[in-house]
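K.L.:
kindly generate the corresponding structure for this input.
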Amino acid sequence: MSEPILRVAQTGLGGSGYRIPTRENGPKDRYIVVGVPTVLKAIDKPAIVQWAVDQTAAYAVHNVDAILDRTHESGYRFLRFAHVNKPKPGDPLRGYHTKVLNDAAELGTNTHDWIEAYVNGEIPPEYSHPEVEQMADEFLFWLSLHDFKPILTEATVFNPEDGYAGTLDLLAWIDGECWLLDIKTSRSTWDEHRSQVAALWKSPVWMRQVDKGTEGAAEYTKDGVTTYWVEAPWPEKPTRFGFLHLRPDDIANDGSPIPAFCELIEIPKEELPLHYDVFCGALKIKKSQRELQLLRKSANVADEVE
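P.N.:
Numbering: from 1, shown residues only. All right, here's what the predicted structure looks like:
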């Protein structure tokens, strides 16, 4: 998945966001908003924590000698903090869950890249892994069953009222209806994923890249490359919402095989406002935490002056 041009690494709210060049008044007056994934970090994700612990525990079972070589205190501390330990050279167990998470993220990114290229009529990249090829094949089979026409892929959308932006994976006509879809390659989909879709749904501004000289276009330079942007409405308004969920062959917790698949999962439209309320709650938490930091920093500076 190509990095969105307008994405920036830091926003002051604990993660990445987007720069909105059309809202800037000058080269030093940068208008940066928080990104949807950063906002959703404020939502508790017990399943993700448990997944990280499960991966480390499974690896430890297969490498029990490495655990037994530790002191009781060292082994206890390792297992207790396995889900937050960072990788360390010479220690194959430490941070193992991070490697597994990175591998899963890479599969997701490669699958996104393949689908984006294919639906846009471009030559898809080489398969980085047999599992990507499985998911691509499942996507092609799913595509053969539907009347499909892409509208937007990997588009930056912006909510000026609430002050955030995000990346829209796919807006497309499917069997005569306009769908807003997030592409997921995780084992399951969760409510925070639905809040992500709701946040995109509530972002009415499409940051559209245009040619130099386009009337009203704002100039933006990143890594030495200059691009031009305008704010535009979405080319179509979606009426249905959900996920395109893809998975390679897998094994269930009970040991039974799960064949590779690609399926459309719909989010009931009546749920969307509630999922957006959840997102707004997380956004308020992030902004309040930032205000607390600034307030305390200002108070400390005042104390030092006195």
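K.L.:
most centrally placed residue in the chain?
P.N.:
Residue closest to the average C-alpha location in the chain (CA atoms, centre = their mean): residue 37, at 5.4 Å.
K.L.:
residue 153 is in contact with residue 120, correct?
P.N.:
Yes: between residue 120 and residue 153 there is a contact under CB atoms under 8 Å: 6.1 Å. For the C-beta atoms, the positions are set from N, CA and C on the backbone; glycine is no exception.
K.L.:
list the buried residues for the longest helix along the chain?
P.N.:
As assigned by DSSP state H, the longest helix anywhere in the chain is helix 272-305. Residues of helix 272-305 classed as buried under the neighbour-count rule (16 or more other CB atoms under 10 Å) are 272, 275-276, 278-280, 282-283, 286-287.
K.L.:
where along this protein do the strands fall?
P.N.:
Ranges of strands in the chain, per DSSP state E, are 7-8, 17-19, 32-35, 148-159, 164-174, 177-184, 205-210, 218-222, 225-233, 240-247, 250-251, 257-258, 261-266.
K.L.:
quick one: the ones you listed as JSON lines, columns for distance to residue 137 and mean pLDDT too.
P.N.:
Rendered in JSON lines, the data for the strands of the chain read as follows (distance: least, CB to CB, whole Å; pLDDT from 0 to 100):
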{"stretch": "strand 7-8", "distance to residue 137": "30", "mean pLDDT": "96"}
{"stretch": "strand 17-19", "distance to residue 137": "34", "mean pLDDT": "96"}
{"stretch": "strand 32-35", "distance to residue 137": "32", "mean pLDDT": "96"}
{"stretch": "strand 148-159", "distance to residue 137": "16", "mean pLDDT": "97"}
{"stretch": "strand 164-174", "distance to residue 137": "18", "mean pLDDT": "97"}
{"stretch": "strand 177-184", "distance to residue 137": "16", "mean pLDDT": "97"}
{"stretch": "strand 205-210", "distance to residue 137": "32", "mean pLDDT": "98"}
{"stretch": "strand 218-222", "distance to residue 137": "36", "mean pLDDT": "94"}
{"stretch": "strand 225-233", "distance to residue 137": "35", "mean pLDDT": "97"}
{"stretch": "strand 240-247", "distance to residue 137": "10", "mean pLDDT": "97"}
{"stretch": "strand 250-251", "distance to residue 137": "15", "mean pLDDT": "90"}
{"stretch": "strand 257-258", "distance to residue 137": "16", "mean pLDDT": "94"}
{"stretch": "strand 261-266", "distance to residue 137": "9", "mean pLDDT": "97"}
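K.L.:
residue 75 is nearest to which of these?
P.N.:
strand 250-251 (28.1 Å; CB to CB).
K.L.:
returning to that earlier point: out of the buried residues of helix 272-305, who's nearest residue 42?
P.N.:
Using CB to CB, these come closest to residue 42 at residue 282, 4.0 Å.
K.L.:
how far away is the residue nearest to that closest one when sequence neighbours are not counted from residue 267?
P.N.:
Closest residue in space to residue 282, ignoring its immediate chain neighbours: residue 42 at 4.0 Å, by CB to CB, 6 or more residues apart in numbering. Using CB to CB, to the nearest Å, residue 42 is found at 21 Å from residue 267.
K.L.:
picking that back up, so who does the residue nearest to the centre of the chain touch?
P.N.:
Counting by CB atoms under 8 Å, 6 or more residues apart in numbering, residue 37 touches 15-16, 166, 196.
K.L.:
repeat for residue 167
P.N.:
4, 7, 36, 154-157.
K.L.:
between residue 120 and residue 153, which one's more packed in?
P.N.:
residue 153 (18 against 11; other CB atoms under 10 Å).
K.L.:
what is that one paired to in the beta sheet?
P.N.:
Here residue 153 sits in beta bridges with residue 170, going by DSSP bridges.
K.L.:
if I look at it, how far off is residue 113?
P.N.:
Going from residue 153 to residue 113 by CB to CB gives 11 Å.
K.L.:
ok, now residue 29?
P.N.:
For residue 29 relative to residue 113 (CB to CB), the value is 34 Å.
K.L.:
any low-confidence regions in the protein?
P.N.:
1-2, 44-63, 66, 77-105, 301-306 (pLDDT under 70).
K.L.:
which residue is the nearest non-sequential neighbour of residue 15?
P.N.:
residue 38 (3.2 Å).
K.L.:
my read: that neighbour touches residue 13, true?
P.N.:
Yes: the criterion here is CB under 8 Å, and residue 38 meets it with residue 13 at 6.0 Å.
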